[in-house]
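**Q** okay, sequence plus prediction incoming.
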Amino acid sequence: MIDYIDKIPNNVDLGQDRVLQRALEHWQPAYLNWWNDVGPNESHGFDVYLRTAISVEPDGWAQFGYVKMPEYRWGIFLQPRDENRQVNFGTHKGEPAWQEVPGEFRSTLRRIIVTQGDTEPASVEQQRMLGLSCPSMYDLRNIFQVNVEEGRHLWAMVYLLHRYFGRDGREEAESLLARRSGDADNPRILGAFNEPTPDWLAFFMFTFFTDRDGKYQLCCLAESGFDPLARTCRFMLTEEAHHMFVGETGVGRIVQRTCEVMKENKISQPSDVRAMGVIDLETLQRYINFHFSVTIDLYGSDVSSNAANYYTSGLKGRFEETKLADDHLLVDAEYPVSEVIGDKIVTKNVSALAALNERLRDDYIKEVESGLGRWNRIIEKAGIPFRLRLPHKGFHRAIGNFAGHHISPDGVVLTPEQWNAHVAEWMPSKEDYAYVQSLMSGRVVELGKFANWIAPPPRGVNNQPLNFEYVRFN
Ligand SMILES: [Fe+2]
Ligand SMILES: [Fe+2]
């Protein structure tokens with residue numbers, strides 16, 4: 001169970017470590033200042049129907065109740081320790097998992113933790129204005145749930161920094177509250193976390209695509225030989241699943257509503273669809289192209305000596321490492337990566353160790369494909385011949401072998417002129433954003449009501465009805 005008596009709820013016996021407890025209690029007010037400054041806009045007095053973890057067991061999420069978000073029980077929850085756990089890959093394979101940071105990996109591990117930690121407050125900042133234009137009270141509650149859990153993910157990483165990295169760690173924890181998404185002078189570390197999330201379609205795309213990158217990164221860190229990191233990330237994954245649910249069902253409900261309107265009115269032209277106040281499938285496709293391409297950049301270079309080092313050192317494993325049937329060393333293994341040569345995309349085998357980023361990107365893409373399949377079934381059921389699809393992996397890339405090239409969604413290498421002639425068909429334009437935002441000019445918060453551009457979900461939160469008062473504005 002989690003100790004809620006302490007100022008900082010935890011299952012790490014924080015009360016036994018006075019120095020650490022004091023350091024975290026010192027960080028806590030700074031965290032609350034950050035939340036009050038750049039957390040969800042104008043939300044601090046609301047009572048929100050949130051779930052809070054009461055234990056770290058799989059069913060430990062049972063507690064729902066009204067909470068003011070600044071009073072949410074953020075805390076430190078790690079998966080319970082397995083005394084027999086080992087390092088499961090790399091040159092240290094077979095050693096007992098590390099309970100303290102091995103000296104030679106100290107700065108690398110700190111960097112890994114800071115980079116993961118930085119994404120958590122970033123997404124809260126990116127989403128902070130969306131409460132003002134929510135399509136329903138149900139959706140408003142869901143975004144707030146995502147926001148408080150991202151806040152807790154920041155706590156999870158800050159705990160590791162404070163507990164295992166001394167003064168450097170404390171300084172990094174302060175910097176995590178100082179950087180700001182999109183800030184010119186002090187931006188967040190990774191590109192996609194500095195892009196604005198200007199509307200609810202972008203939010204649902206972000207939670208579908210970019211939170212899923214979070215899942216894949218956490219899965220790899222959950223394999224880490226550094227046991228406290230592995231246990232922290234295991235627990236974070238239970239929260240991440242909810243964020244991806246919000247994204248997939250959010251886009252799915254938009255697809256459903258658009259299809260209903262198209263069918264009822266026997267229309268298919270985007271301009272006719274827009275005239276009915278819903279989002280045309282072509283615009284949805286352009287949002288997919290954008291969010292998919294900026295998210296797959298997050299996996300880094302196709303060939304990376306850092307990725308190889310993280311693996312060989314036992315710090316960051318592969319997706320589902322312990323379920324894979326190979327030697328978990330990969331010294332002689334190969335993996336295919338693509339590059340652009342002239343006007344052709346060619347694929348060649350390189351060292352599997354160097355290609356670990358690319359492999360993880362491919363694992364991710366497989367899962368995204370099945371999500372798109374579920375959206376397409378909604379369209380198919382409505383009898384509409386349109387299909388959503390993922391653009392080619394090389395489309396609109398800024399990192400890795402495709403960066404600097406112009407690749408069409410079909411995977412054709414283009415000249416800059418050809419790219420410019422078509423980019424408006426492929427990427428959301430200013431007009432697209434303006435149209436989508438015109439649908440979301442204010443809050444829809446009457447009990448049980450949903451904006452015209454999105455279908456209601458099949459069921460409410462925690463078996464509550466759709467017309468439940470998920471947020472009390474007071
Ligand atoms: Fe997160
Ligand atoms: Fe998330």
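**A** Alright, I've got the coordinates. Ligands and ions are numbered 1, 2, ... in the order given.
**Q** can we go C-alpha only for contacts and neighbour counts from here?
**A** OK.
**Q** now the stretch 301-450 of the chain against ligand 1: closest residue?
**A** Residue nearest to ligand 1 within the stretch 301-450 of the chain (C-alpha to the ion): residue 364, separated by 16.3 Å.
**Q** within range of ligand 2, give me the residues from the stretch 201-350 of the chain.
**A** Within the stretch 201-350 of the chain, the positions adjacent to ligand 2 are 211, 240 by C-alpha under 5 Å from the ion.
**Q** contacting residues around whichever residue of the stretch 1-150 of the chain sits closest to ligand 1?
**A** In the stretch 1-150 of the chain, the residue found nearest to ligand 1 is residue 150; the distance is 4.5 Å by C-alpha to the ion. Shown in contact with residue 150 (C-alpha atoms under 8 Å, 6 or more residues apart in numbering): 120, 121, 123, 124.
**Q** in what helix or strand does the residue of the stretch 301-450 of the chain closest to ligand 1 lie?
**A** Element membership for residue 364 (DSSP states H and E) is helix 356-381.
**Q** okay, buried residues for that helix please.
**A** Neighbour-count burial for helix 356-381 flags 356-361, 364-365, 368, 371-372, 375-376, 378-379 (criterion: 16 or more other C-alpha atoms under 10 Å).
**Q** partner strands of whatever helix or strand residue 339 lives in and their direction?
**A** Residue 339 is located in strand 334-341, with elements delineated by DSSP H and E. Paired strands of strand 334-341, with direction, are strand 344-351 (antiparallel) (DSSP bridges).
**Q** which residues are contacting the partner strand?
**A** 331, 332, 333, 334, 335, 336, 337, 338, 339, 340, 412, 413.
**Q** repeat that for stretch 254-268.
**A** With C-alpha under 8 Å, 6+ apart, stretch 254-268 has contacts from 273, 276, 278-281, 375, 378-379, 382, 384, 452-455.
**Q** quick check: buried residues in it?
**A** 254, 255, 256, 257, 258, 259, 260, 261, 262, 268.
**Q** ok, which stretches of the chain are strands?
**A** Here the chain has its strands, by DSSP state E, at 47-52, 63-68, 334-341, 344-351, 406-407, 413-414, 471-472.
**Q** could I get these as CSV with mean neighbour count?
**A** As requested, the strands of the chain are exported to CSV (neighbours: other C-alpha atoms under 10 Å):
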stretch, mean neighbour count
strand 47-52, 22
strand 63-68, 15
strand 334-341, 16
strand 344-351, 13
strand 406-407, 24
strand 413-414, 18
strand 471-472, 18
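**Q** so which of those strands gets nearest residue 136?
**A** The closest of these to residue 136 is strand 471-472. By C-alpha to C-alpha, the value is 10.1 Å.
**Q** looking at the buried residues of stretch 254-268, spot the one nearest ligand 2.
**A** Of the buried residues of stretch 254-268, the one sitting nearest to ligand 2 (C-alpha to the ion) turns out to be residue 254, at 20.7 Å.
**Q** so that closest one versus residue 241, what's the distance?
**A** With distances taken as C-alpha to C-alpha, to the nearest Å, residue 254 is found 20 Å from residue 241.
**Q** cool, and residue 18?
**A** Residue 18 sits 34 Å away from residue 241, going by C-alpha to C-alpha.
**Q** these two: who's more crowded?
**A** It is residue 241, of residue 18 and residue 241, that has more neighbours when counted by other C-alpha atoms under 10 Å, with 14 against 10.
**Q** pLDDT at the residue lying closest to the more buried one once chain neighbours are set aside, what is it?
**A** Leaving aside its chain neighbours, residue 241 sits nearest to residue 215 (7.8 Å; criterion: C-alpha to C-alpha, 6 or more residues apart in numbering). Looking at residue 215, its pLDDT stands at 97.
**Q** repeat for residue 70
**A** Turning to residue 70, the model gives it a pLDDT of 95.
**Q** distance of it relative to residue 26?
**A** Per C-alpha to C-alpha, residue 70 is found 16 Å from residue 26.
**Q** so for these two, which residue has more residues nearby?
**A** When neighbours are counted by other C-alpha under 10 Å, residue 70 and residue 26 differ, and residue 70 comes out ahead with 17 against 11.
**Q** what's near enough to touch that one?
**A** Residue 70 makes contact with 32, 35, 36, 44, according to C-alpha under 8 Å, 6+ apart.
**Q** would you mind measuring the gap between the ends of stretch 393-408?
**A** One end of stretch 393-408 sits 10 Å from the other (C-alpha to C-alpha).
**Q** give the buried residues for it.
**A** Residues of stretch 393-408 classed as buried by neighbour count (16+ other C-alpha under 10 Å): 393-403, 405-408.
**Q** now do the same contact list for residue 432.
**A** With C-alpha under 8 Å, 6+ apart, residue 432 has these contacts: residue 283.
**Q** ignore the last one, residue 7
**A** residue 25.
**Q** quick check: it vs residue 15, distance?
**A** 10 Å.
**Q** what residues are shared contacts of those two?
**A** With C-alpha under 8 Å, 6+ apart, residue 7 and residue 15 have no common neighbours.
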